[in-house]
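In: sequence first, predicted coordinates after that:
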Amino acid sequence: MAKFMQNSLLNPKTRYQLLATIIVNIITFAHGVGIGWLSPTLTKIQGPDSPLDFQVTIDEISWLGSMLGLGSLCGNLTIAFLLERMGRKFCIYLLAGPYACLWILTYCATNVGFLYAARFLCGFTGGACYVVLPIYISEMANSSIRGSLTSMMMLSVNLGIVVGYIMSTYLAYHIVPFLAIILPIAYFAANLFLPETAPYLLKKSRLTAAEASYKYYQNQRVDMEEASKASFEELRLAVDAQKTQNKIALTYRDLITRPALKAFAASVVLSLGYQCSGIFSFINYMSDIFNASGALLDVNTSTIITGIVQIVGCYTSTIFVDTLGRRILMLISTLGVGLSCIAFGCFTYYAQIYDLSHLDWLPLVLMMVIIYVGNIGLIGCFFVVLVELFPVKIRSVATSISVVFLSLMIFCTLKLFPLMLHYWGISVTMWFSAASSLLTFVYFLLFLQETKGKSMVVD
């Protein structure tokens, strides 16, 4: 029991780490609202009772989806440039502005260009937070709970997606921006109370501030306990050693060492598996998928149900990521998504030949399975694994490069997915997703290393 409490999120010594994680994840929750808002809204603005004064075509819809990827790419590059120069906290503050602007543009939209810009800013916020937040959390969290805290990012995104689904389904188009703009204000205000991470402060030779930060995140208000003093000293020595090593400037040779190349290969497969398996596209175009599958249940209700399943899947990941490890969850996830997508494709294929109306519930059940198993690994553990893959010296740069690649994949898949649905049909699209997921499973089975418990300051 004592060991459980020591490694638990309920441990009094780590409660401020949990609090900080919840506060910074207000923006990931908000980002999820922006993502979830799109799917039911597309149904509204394509209909005769559109709340907007203009119509959107299938090509414009594909651009609305893919602008998220372009914005994410710009967010990656911006934060990658600022992260080591200005610090984690500065980058965290920076996220509030673009997110507030996206809802102002959404409210004021008089043509599709406003919606393009809003989606771009939604992507910018997501791309930026996917770079800075995993690094911030990994630096301030104890290794025993780091995986659980980092996986809370995607749990927060999924909570936001469900809220976005519900708000855009049941509230008027122009009401949603008024409610959503509260989130960046609350996020910015709450973050004013959190200190910069100790490792970053030590890199900048700010020893007193680093010690104060370390005491805060270890929940020690007066003097540090002997064990904590020893841990802080160990951290200081490790950072000093890393600084000494880094006096030799980072060069391209550091990025082509054997460990670095192995990590890059794993990150590329991780990103390809995440995007080509279709999970993120399913989330963005869920209502269109249920329409194409011929499901007779209400489309928006089905979308909200799968959104709730996302939360359950990501919460499952949060519980088991530090006990079972990252690798086993990734294997279960990729295999489960692959098999379930095959089944979904087969159902929609045979539904065109035979009368399967008595199985109208099956698309919803299959999508629930796909979303659940996708979230316990591919989504829930994605950023946990991504940060832990790389050697310390290149971690910030390599993580940024990897997230840039992910953003390019997001752009491509969100641009192509509605076109694939339109020209290939739902069955072939789902089989393509299945093949991608199963190939990722084979790679992970053969090559993915377990990263649970890996140090963030020494290799």
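Out: That came through, no problem.
In: closest to the centroid, which residue in the chain?
Out: Met154 (4.7 Å; C-alpha atoms, centre = their mean).
In: shouldn't that one be in contact with Phe382?
Out: Yes: counting by C-beta atoms under 8 Å, Met154 touches Phe382, with 6.9 Å between them. C-beta here means a position set from N, CA and C on the backbone, and glycine is covered the same way.
In: about what we covered before: for the residue nearest to the centre of the chain, helix, strand, or coil?
Out: helix (DSSP: H, G, I helix; E, B strand; the rest coil).
In: next, the contact list for it, please.
Out: 28, 314, 317, 375, 379-380, 382-383 (C-beta atoms under 8 Å, 6 or more residues apart in numbering).
In: in CSV: those, plus distance to Leu38, pLDDT and secondary structure.
Out: Below are those laid out as CSV (distance: C-beta to C-beta, whole Å; pLDDT from 0 to 100; DSSP: H, G, I helix; E, B strand; the rest coil):
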residue, distance to Leu38, pLDDT, secondary structure
Thr28, 17, 93, helix
Cys314, 19, 82, helix
Ser317, 24, 85, helix
Asn375, 19, 88, helix
Ile379, 17, 82, helix
Gly380, 22, 78, coil
Phe382, 21, 83, helix
Phe383, 22, 78, helix
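In: look up how far Val385 lies from the residue nearest to the centre of the chain.
Out: Distance of Met154 to Val385, given as C-beta to C-beta, to the nearest Å: 12 Å.
In: quick one: residues contacting Leu94.
Out: Each residue near Leu94 by C-beta under 8 Å, 6+ apart is listed here: 79, 82, 128.
In: before we move on, the earlier item: now distance to Ser293 too, for the contacts of Met154, in TSV please.
Out: Conversion of these to TSV gives the following (distance: C-beta to C-beta, whole Å):
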residue	distance to Ser293
Thr28	29
Cys314	24
Ser317	26
Asn375	20
Ile379	21
Gly380	25
Phe382	26
Phe383	30
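In: quick one, which of the residues you listed are buried?
Out: Among the contacts of Met154, those classed as buried by 16 or more other C-beta atoms under 10 Å are 28, 314, 317, 375, 379-380, 382-383.
In: where does the stretch 201-350 of the chain have low pLDDT?
Out: In the predicted model of the stretch 201-350 of the chain, residues 221-228, 241-249, 294-297 satisfy pLDDT under 70.
In: for the stretch 351-459 of the chain, same thing?
Out: 453-459.
In: please repeat the previous calculation with a cut-off of 80.
Out: By pLDDT under 80, the low-scoring segments of the stretch 351-459 of the chain are 355-358, 360, 380, 383, 387, 392-393, 395-396, 400, 451-459.
In: which residue ranges of it form helices?
Out: Assigned helices in the stretch 351-459 of the chain, in chain order: 362-374, 382-389, 395-423, 426-447 (criterion: DSSP state H, counting those that start in this stretch).
In: give me the helices and strands touching the first one, please.
Out: Under the contact criterion of 3 or more C-beta pairs under 8 Å, 6 or more residues apart in numbering; DSSP states H and E, helix 362-374 touches helix 279-284, helix 286-293, helix 299-320, helix 326-351.
In: from the chain's centroid, how far away is the first one?
Out: Going back to what we said before, that points to helix 279-284. Chain-centre distance of helix 279-284: 12 Å, with C-alpha atoms, centre = their mean, to the nearest Å.
In: ok so, going back, winner for burial among the helices of the stretch 351-459 of the chain?
Out: By mean neighbour count, with neighbours taken as mean count of other C-beta atoms under 10 Å, helix 382-389 ranks first of the helices of the stretch 351-459 of the chain at a mean of 26.
In: what angle separates it from helix 326-351?
Out: Helix 382-389 and helix 326-351 are oriented at 140 degrees to each other (axes from the mean of the first three to the mean of the last three C-alpha atoms, to 10 degrees).
In: output the contacting helices and strands for helix 382-389.
Out: Using 3+ C-beta pairs under 8 Å, 6+ apart: helix 382-389 touches helix 112-140, helix 146-170, helix 258-276, helix 326-351, helix 395-423.
In: so which bits of the third one are buried?
Out: Neighbour counts over helix 258-276 (16+ other C-beta under 10 Å) mark 260, 263-264, 266-267, 269-276 as buried.
In: what's in contact with it?
Out: Under C-beta under 8 Å, 6+ apart, the answer for helix 258-276 is 254-255, 280-281, 334, 378-379, 382, 385-386, 389-391, 394, 398, 401-402, 405-406, 409-410, 412-413, 432-433, 436-437, 439-440, 443-444, 447-449, 459.
In: what do you get if the cut-off is 7 Å, keeping everything else the same?
Out: 254, 280, 334, 378, 382, 385-386, 389-391, 394, 398, 402, 405-406, 409-410, 413, 436-437, 440, 443, 447-448 (C-beta atoms under 7 Å, 6 or more residues apart in numbering).
In: got the CA positions of that helix in PDB?
Out: Taking C-alpha atoms only, helix 258-276 is exported to PDB below (Å, rounded to 0.1, in the frame of the first residue of the first chain):
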ATOM      1  CA  ARG A 258      22.800   5.500 -34.000                       C
ATOM      2  CA  PRO A 259      20.600   6.200 -30.900                       C
ATOM      3  CA  ALA A 260      19.200   9.400 -32.600                       C
ATOM      4  CA  LEU A 261      18.400   7.700 -35.900                       C
ATOM      5  CA  LYS A 262      16.700   4.800 -34.100                       C
ATOM      6  CA  ALA A 263      14.600   7.300 -32.100                       C
ATOM      7  CA  PHE A 264      13.700   9.300 -35.300                       C
ATOM      8  CA  ALA A 265      12.700   6.100 -37.000                       C
ATOM      9  CA  ALA A 266      10.400   5.200 -34.100                       C
ATOM     10  CA  SER A 267       8.900   8.700 -34.000                       C
ATOM     11  CA  VAL A 268       8.200   8.600 -37.800                       C
ATOM     12  CA  VAL A 269       6.400   5.300 -37.500                       C
ATOM     13  CA  LEU A 270       4.600   6.500 -34.400                       C
ATOM     14  CA  SER A 271       3.300   9.600 -36.300                       C
ATOM     15  CA  LEU A 272       2.500   7.600 -39.500                       C
ATOM     16  CA  GLY A 273       0.600   5.000 -37.400                       C
ATOM     17  CA  TYR A 274      -1.300   7.700 -35.500                       C
ATOM     18  CA  GLN A 275      -2.400   9.500 -38.600                       C
ATOM     19  CA  CYS A 276      -2.700   6.800 -41.300                       C
END
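In: angle of that helix against helix 382-389?
Out: Counting by the same axes, to 10 degrees, helix 258-276 points 170 degrees away from the direction of helix 382-389.
In: between helix 395-423 and helix 258-276, find me the angle.
Out: Put simply, helix 258-276 runs at 30 degrees to helix 395-423, going by the same axes, to 10 degrees.
In: perfect, I'm done here.
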